[in-house]
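> Got a sequence here, can you build the structure:
(one chain, ligands or ions: 1)
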Amino acid sequence: MSKPGILVPRPMRDVVMRGLEKRFALYKTFESEDPDRAIAEAADHVRGAAILGQKVDVAFLDKLPNLEIVANFGVGYDNVDAHDCSARGIMVTNTPDVLTDEVADTALGLLIMTVRELSAAERWVRGGSWAAKGAFPLTKTTLIGRKLGILGLGRIGKAIARRAEAFGLEIHYHGRSRQAGVAYTYHDTLSGLAQTCDTLMLVAPGGEQTHHMVDATILKALGPDGILINIGRGSVVNELDLIEALSSGTIHAAGLDVFEHEPNVPQALLDLENAVVLPHVGSASVHTRDAMGQLVVGNLVSWFDTGRAITPVSETPQKE
Ligand code: 8YV
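Numbers count the residues shown, from 1 in each chain. Got it, this is the predicted structure:
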């Protein structure tokens with residue numbers, strides 16, 4: 001029997017390429033000078049796709065009449081229109097769990113960097129200011145006694161909460177519904193959460209439902225001592241409102257791993273001393289990215305061996 005065809009529109013980690021090459025006929029259309037033509041030529045043979053960030057929408061699906069499964073590299077899959085896939089009977093998988101601890105660790109690191117101004121402090125040493133000017137100014141904010149509000153208490157949100165508990169923070173959350181078996185304080189609105197807390201940790205997925213949820217009103221509710229951390233998706237925050245809030249002192253500081261138009265970060269944000277910016281590195285260790293890659297391969301192999309995926313997304317549940 002011929003090997004199932006897998007579309008790989010963008011280069012992926014070695015662990016993915018090697019894993020897929022063993023089992024499938026790969027269509028690495030990024031190698032073509034005309035990727036659109038390469039996709040059209042491969043289309044009839046393609047039964048699966050390994051996806052890294054690019055849009056999987058109706059236009060994409062229309063090109064691939066025999067597609068059975070979209071294996072997304074990443075836990076977030078706002079790049080994939082999972083409802084359209086579901087309507088066509090196409091399985092969608094993501095890479096949960098294997099990145100939870102890495103992203104939660106990064107989130108706590110970013111929070112401490114932001115509250116204690118650690119990137120500015122490092123620049124102080126490297127720029128010679130320690131020797132030239134003396135001690136780095138005391139930070140106006142401390143982690144001690146903060147009230148942490150988490151938007152999106154999923155697997156990663158809970159791992160962040162567990163770590164934050166160890167730091168002695170009081171934990172609150174907002175999400176679509178109150179969660180059973182969770183001792184943290186639930187708020188049924190985001191503005192209620194922001195009003196109560198001085199630290200807001202965004203772990204929400206991207207997509208229409210969360211687009212610009214954090215805007216001028218929420219930032220005002222967070223207040224002048226407020227710290228905003230975004231480890232989820234840039235689209236959740238209205239970046240212009242955030243720049244204004246940071247410039248005017250509406251909130252104290254922000255730590256951002258994700259942005260609205262990655263990899264582009266507005267110059268106005270880069271110019272602000274009270275913004276700590278990271279280049280979307282939440283899960284970005286070799287260990288964790290390899291584990292994510294293995295799960296992409298595992299989902300495709302499992303699908304074509306057994307008709308079952310390992311980690312289907314909620315819109316395309318496994319049929320029993
Ligand atoms: C990756 C992520 O940056 O898993 C996610 O949702 O945002 C990150 O782990 C992404 O998968 C693209 O490499």
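> going forward, measure contacts between C-alpha atoms and count neighbours the same way
Noted.
> Next to the ligand, which bits of the stretch 51-200 of the chain? Give me the list.
Selection of the stretch 51-200 of the chain residues close to the ligand by Cα under 6 Å from any ligand atom yields 53, 73-76.
> again, 5 Å this time
74-76 (Cα under 5 Å from any ligand atom).
> Helices along the chain, start to end?
Assigned by DSSP state H, the chain shows helices spanning 14-23, 35-42, 58-62, 82-87, 100-115, 118-126, 129-133, 155-166, 190-196, 216-222, 239-248, 267-270, 286-306.
> Include mean pLDDT and mean neighbour count when you put these into JSON lines, please.
What follows is the helices of the chain, written out as JSON lines (pLDDT from 0 to 100; neighbours: other Cα atoms under 10 Å):
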{"stretch": "helix 14-23", "mean pLDDT": "97", "mean neighbour count": "16"}
{"stretch": "helix 35-42", "mean pLDDT": "96", "mean neighbour count": "16"}
{"stretch": "helix 58-62", "mean pLDDT": "98", "mean neighbour count": "12"}
{"stretch": "helix 82-87", "mean pLDDT": "98", "mean neighbour count": "16"}
{"stretch": "helix 100-115", "mean pLDDT": "99", "mean neighbour count": "21"}
{"stretch": "helix 118-126", "mean pLDDT": "98", "mean neighbour count": "15"}
{"stretch": "helix 129-133", "mean pLDDT": "98", "mean neighbour count": "12"}
{"stretch": "helix 155-166", "mean pLDDT": "98", "mean neighbour count": "18"}
{"stretch": "helix 190-196", "mean pLDDT": "98", "mean neighbour count": "21"}
{"stretch": "helix 216-222", "mean pLDDT": "98", "mean neighbour count": "20"}
{"stretch": "helix 239-248", "mean pLDDT": "98", "mean neighbour count": "19"}
{"stretch": "helix 267-270", "mean pLDDT": "98", "mean neighbour count": "13"}
{"stretch": "helix 286-306", "mean pLDDT": "98", "mean neighbour count": "19"}
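> for the residue of the stretch 201-320 of the chain with the smallest separation from the ligand, what are its contacts?
Residue nearest to the ligand within the stretch 201-320 of the chain: S283 (4.6 Å; Cα to the nearest ligand atom). Listed by Cα atoms under 8 Å, 6 or more residues apart in numbering, the contact set of S283 reads 99, 102-103, 106, 289.
> hmm, 7 Å instead?
Neighbouring residues of S283 by Cα atoms under 7 Å, 6 or more residues apart in numbering: 99, 102-103, 289.
> E117 too?
T139 are the contacts of E117 under Cα under 7 Å, 6+ apart.
> What distance do you get for it to V277?
To V277, E117 is 12 Å away according to Cα to Cα, to the nearest Å.
> related to what we said a few turns ago, let's see if you can find the most crowded of the residues of the stretch 51-200 of the chain next to the ligand.
G74 (22 neighbours; other Cα atoms under 10 Å).
> how many neighbours does the closest residue in space to that residue that isn't next to it in sequence have?
Nearest non-adjacent residue to G74, counting by Cα to Cα, 6 or more residues apart in numbering: T95, 5.2 Å away. Neighbourhood size, T95 [other Cα under 10 Å]: 26.
> Quick check: P224 touching L246?
No - between P224 and L246 there is no contact under Cα atoms under 7 Å: 9.4 Å.
> Identify the contacts common to those two.
H252.
> and D84, what does it touch?
V58.
> For A59, see how far away it is.
For D84, the distance to A59 - Cα to Cα - is 10 Å.
> ok, now A166?
47 Å.
> what sits against the residue positioned nearest the centre of the chain?
When Cα atoms, centre = their mean is applied to the chain, the residue found nearest the centroid is G232 (4.0 Å). Counting by Cα under 7 Å, 6+ apart, G232 touches 202-205, 258.
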